[in-house]
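In: what would the 3D arrangement of this be:
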Amino acid sequence: MASEEPISYATIDSLRPGASNVNLKVKVTRAKTVVERPKGSKGLLVVECLAGDHTGVALFAARNANAELIKEGSVLSIENARVEMFKGVMRLPLDNTVVVKVVDGEDISPREDFNISLIEFNLILAEN
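Out: Purely as a prediction, here's the structure:
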């Protein structure tokens, strides 16, 4: 039986626009439900949160099953995330392609004075 390779986690300060297949271990510092429609054919739950590690914090937007895991103070293992630009700032959508797990028995002290989502990025096209 093959054993699983340990997950290699990136840090918040290493995130860049357009990054994909990102694995993070973060602690949720703030969470807010922004959309909540009753379950059913059109049910939708979206929770935005600020979460981070010892290098900084970032904005995450979790949907449906992943949104149900987002609680202030929780430590999360996030696998296969991507960084997207939304209104000029970075955020990480936690949709159904991203694996989110609550990590019990571990604590992280996020560096809240460095919010990478507050940095505005501009696309600069290189000329040939």
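In: so which elements touch the worst-scoring helix or strand of the chain on mean pLDDT?
Out: Least confident helix or strand of the chain, by mean pLDDT, DSSP states H and E, is strand 84-86 with a mean of 88. Here strand 84-86 is seen to pack against strand 89-94 when contacts are counted using 3 or more Cβ pairs under 8 Å, 6 or more residues apart in numbering; DSSP states H and E. Where you see a C-beta, it was placed from the backbone N, CA and C, and this is true even at glycine.
In: just checking, next helix/strand downstream of the strand it packs on?
Out: Once the chain leaves strand 89-94, the next helix or strand it forms, by DSSP states H and E, is strand 99-102.
In: what are the buried residues along that next one?
Out: By neighbour count, and taking 16 or more other Cβ atoms under 10 Å as the criterion, the buried residues in strand 99-102 are residue 100.
In: only C-alpha atoms, please: export that strand in CSV.
Out: Extracted as CSV, the C-alpha positions of strand 99-102 are listed here (Å, rounded to 0.1, in the frame of the first residue of the first chain):
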residue,chain,number,x,y,z
VAL,A,99,-10.3,20.6,-0.4
VAL,A,100,-10.8,22.3,2.9
LYS,A,101,-10.3,20.4,6.2
VAL,A,102,-10.5,21.6,9.8
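In: what is the mean pLDDT for it?
Out: When the per-residue pLDDT values of strand 99-102 are averaged, the result is 96.
In: how far off centre is it?
Out: Computed by Cα atoms, centre = their mean, to the nearest Å, the chain-centroid distance of strand 99-102 equals 10 Å.
In: over to stretch 22-41?
Out: Its chain's average C-alpha position is 9 Å from that of stretch 22-41, according to Cα atoms, centre = their mean.
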